[in-house]
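[1] Show me how the following folds:
(2 chains)
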Amino acid sequence: MIELLYFAWVRERIGRDGERLALPDGVGTAAQLLDWLERRGPHYAAALAERDRLRIAVNQAFAPLDAPVKPGDEVAIFPPVTGG
Amino acid sequence: MIEVRVQREDFDPGAEIERLHAGRDDVGAVASFVGLVRGGAIAAMTLEHYPGMTERQLRRVADAAAARWPLEGLIVVHRFGRLAVGERIVLVAVAASHRAAAFEACAFLMDWLKTQAPFWKREETRDGSRWVEAKAADDAAAARWLEE
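    The predicted structure is shown next:
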């Protein structure tokens, strides 16, 4: 299982703030995870279409799209941050 | 003292600064920055964050400042939730022996937390609400500390 978290407009477009999913075979990177999630339905596709507007964190640290993901990881998907 | 807090409630900048130097004779300078909700087009904003990662990232930025400058203490407080115009959002306060380190570390902390801490602002305007877009200028402000 993988723990997914969504924030800001990614959360709004998907319609939930997170979920636990079984990682399918062949999904080994953050980019592959996004490809797979995008095919789960129109809400996911709307949230994940613009890859250059998305940021990823794996286990609470920023990670590039080619970062490995594995069962047990916490993966967060969100827009560029706007704090301060 | 390196202290990082993420909280819904307001903070007292004077009290936080006082804690950095009370009872000490080695602090010669405290520099601080307070970020506020600016009015004009917006009436309020809501700050969302990633509990856990936020604290971790603020701590990392704070540790980086402490490694780079000779500091006697620093406090970062960042609020989340709905904030009206005029409310405080963030405090960075830095104590050092001399002012240059305090000023520089304070600016570094603000520039870096803006790009490294997972917060997202949603602004409320008369026409509805919208997520604030990240600014290239903020990335540039953070990057300038890598060039020196």
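[2] Which helix or strand in chain B has the lowest average pLDDT?
    helix B:136-147 (a mean of 90; mean pLDDT, DSSP states H and E).
[3] wait, doesn't B:E9 sit right on B:V77?
    No. Using Cβ atoms under 8 Å, B:E9 is not in contact with B:V77, being 9.7 Å away. C-beta: built from backbone N, CA, C; applies to glycine.
[4] When those two are compared, which one has more neighbours?
    For B:E9 versus B:V77, the count of surrounding residues by other Cβ atoms under 10 Å in any protein chain shown is larger for B:V77: 23 against 8.
[5] How about the contacts made by that one?
    Residues near B:V77 by Cβ atoms under 8 Å, 6 or more residues apart in numbering or on different chains: B:V4, B:R5, B:V6, B:Q7, B:F11, B:E16, B:V90, B:L91.
[6] and these as JSON lines, adding pLDDT?
    Converted to JSON lines, the contacts of B:V77 look like this (pLDDT from 0 to 100):
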{"residue": "B:V4", "pLDDT": "98"}
{"residue": "B:R5", "pLDDT": "98"}
{"residue": "B:V6", "pLDDT": "98"}
{"residue": "B:Q7", "pLDDT": "98"}
{"residue": "B:F11", "pLDDT": "98"}
{"residue": "B:E16", "pLDDT": "98"}
{"residue": "B:V90", "pLDDT": "98"}
{"residue": "B:L91", "pLDDT": "98"}
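[7] okay, and for chain B, where does confidence drop off?
    B:148 (pLDDT under 70).
[8] coming back round to it: contacts for the least confident helix or strand of chain B, please.
    A:G84, B:F108, B:D111, B:W112, B:K114, B:T115, B:Q116.
[9] quick check, nearest of those to B:P51?
    For the contacts of helix B:136-147, the residue nearest B:P51 by Cβ to Cβ is B:Q116; the value is 15.8 Å.
[10] any idea what sits nearest the closest one, other than its immediate chain neighbours?
    Using Cβ to Cβ, 6 or more residues apart in numbering or on different chains and skipping residues adjacent in sequence, the residue nearest B:Q116 is B:Q57, 5.0 Å away.
[11] Check which residues of the helix or strand where that neighbour lies are buried.
    Taking DSSP states H and E as the criterion, the element that holds B:Q57 is helix B:53-68. Neighbour-count burial for helix B:53-68, counted by 16 or more other Cβ atoms under 10 Å in any protein chain shown, picks out B:M53, B:T54, B:E55, B:R56, B:Q57, B:L58, B:R60, B:V61, B:A62, B:A64, B:A65, B:A66.
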